[in-house]
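Chemist: Okay, sequence plus prediction incoming.
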Amino acid sequence: MKHLLKLFFFFLLIMGSIPSIAQQLPQFTQYMYNTIAINPAYAGSRETLNVIGLHRSQWAGFAGGPTTQTLSVHAPLKYEKIGLGFSFVNDELGFENFTYMYGDFSYTIQLNEISKLAFGLKAGFTAFSVDNELYTSNTNDQLISNIESRWTSNVGAGIMWLWERGYLGLSAPRLINNDFVPDSEFKALERASYYFTGGYVFNIGFDTKFKPSFMIKATNGATISTDLTANFLFFEKLWVGAGYRFSNTNEAIGFMSDFQVLRDWRVGYTFELPTSEIRPYTSGTHEIIVMFEVFNQRKRESSPRYY
């Protein structure tokens, strides 16, 4: 156990010692169901094949508002200590386009009968480009004409403490700072971000469970953002909840619902309304998530999963 604690604090030291500076990773209201996007240690933790697709239209009605699509796949290997995953993220903000393609690796240590510790690594590529419309509408602008599409590599790391009804996670999905336009005054920088997440499930009545969760995100050069979420599960089929995100520059409230439509399929929707200065210019944010998970009767009965 002392050895594991030393590894944990060494991991914290590494993550905290790397400087970072610019483009933040996309944010999700349903982060608790898309953990693989921010923490590679989550790979394989569902103990079966898991596929997640998500679409987010942020600040609907606001020209150039962020639009994000993600596709994540992860599963454990035969002996379940090792997990593998892959994430694809397409993020559009104004004229800027970012595409992330990353692989995930995790290794899990069983601490006792009810808890385990997982370590994860993430590696891949980020592509940056701008819309052709930006070039055609600024043909004489030297600043714009110097912008070129660019691919960069990056790595990330994560750690998770998991038990039957809860989890805590610490991760940095991008550890390297990249400048996508190094020879121009136009700046498109990739910032390193650090995440602290957690959640727990309480039995509160007949066929009803309560799951509070949180996510704290810190990015160099930006204010700390905190998500607080409360979900209720009814009859092991229907999730209903609300969330609140706040920072020095942005606040929003969200309402979400997920439903187990088939044995292997689950669909969710979130509506988020900003309460900050952008509120008069948008009708809100919409997020749709579709989850496919290969059903495993033995695992589901012996160790039900709620995160």
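Modeler: That came through fine. A quick note: this is a predicted structure, and the numbers were derived from the prediction, not measured.
Chemist: Can you tell me the element Ile52 falls in?
Modeler: Counting by DSSP states H and E, the secondary-structure element that holds Ile52 is strand 50-60.
Chemist: Which of the residues in that strand are classified as buried?
Modeler: Within strand 50-60, the residues that qualify as buried are Asn50, Val51, Ile52, Gly53, Leu54, Arg56, Ser57, Gln58, Trp59, counting by 16 or more other CB atoms under 10 Å. C-betas here are computed from N, CA, C, even on glycine.
Chemist: Helices along the stretch 151-300 of the chain, start to end?
Modeler: If you assign secondary structure with DSSP state H, counting those that start in this stretch, the helices in the stretch 151-300 of the chain sit at 297-302.
Chemist: count of residues packed around the residue nearest to Tyr31 when sequence neighbours are not counted?
Modeler: Nearest in space to Tyr31, with sequence neighbours left out and distances taken as CB to CB, 6 or more residues apart in numbering, is Met215 at 5.1 Å. Residues near Met215, counting by other CB atoms under 10 Å, number 24.
Chemist: pretty sure Met215 contacts Gly199?
Modeler: No. Counting by CB atoms under 8 Å, Gly199 is not a contact partner of Met215; they are 9.2 Å apart.
Chemist: Identify the contacts common to the two.
Modeler: By the contact definition CB atoms under 8 Å, 6 or more residues apart in numbering, Met215 and Gly199 are jointly contacted by Met32.
Chemist: The strand holding Ile52 pairs with which strands, and in what direction?
Modeler: Taking DSSP bridges as the criterion, strand 50-60 sits next to strand 67-76 (antiparallel), strand 284-293 (antiparallel) in its sheet.
Chemist: Format these as TSV; extra columns: mean neighbour count, distance to Asn154 and mean pLDDT.
Modeler: As requested, the strands paired with strand 50-60 are exported to TSV (neighbours: other CB atoms under 10 Å; distance: least, CB to CB, whole Å; pLDDT from 0 to 100):
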stretch	mean neighbour count	distance to Asn154	mean pLDDT
strand 67-76	19	17	95
strand 284-293	18	25	95
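Chemist: TSV please, covering those strands and showing distance to Ala157.
Modeler: Formatted as TSV, the entries for those read as follows, by distance: least, CB to CB, whole Å:
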stretch	distance to Ala157
strand 67-76	16
strand 284-293	25
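Chemist: Ok, which of those comes nearest Thr35?
Modeler: Nearest to Thr35, of all those, is strand 67-76, at 9.2 Å by CB to CB.
Chemist: Output the below-cut-off pLDDT ranges for the stretch 151-300 of the chain.
Modeler: Using pLDDT under 70 as the threshold, the predicted model of the stretch 151-300 of the chain has low-confidence ranges 180-189, 296-300.
Chemist: Now that Thr108 has come up, it's in contact with Arg46, right?
Modeler: No. Taking contact to mean CB under 8 Å, the distance of 12.0 Å between Thr108 and Arg46 leaves them out of contact.
Chemist: Name the residues of stretch 262-279 that come out as buried.
Modeler: Neighbour counts over stretch 262-279 (16+ other CB under 10 Å) mark Arg266, Gly268, Thr270, Phe271, Glu272, Pro274, Ile278 as buried.
Chemist: wait, doesn't the third one sit right on Ile253?
Modeler: Put plainly, it is Thr270. No. Counting by CB under 8 Å, Ile253 is not a contact partner of Thr270; they are 10.8 Å apart.
Chemist: in the stretch 1-150 of the chain, which spans are strands?
Modeler: Remark: strands assigned in the stretch 1-150 of the chain by DSSP state E, counting those that start in this stretch are 50-60, 67-76, 82-93, 96-110, 115-130, 150-163.
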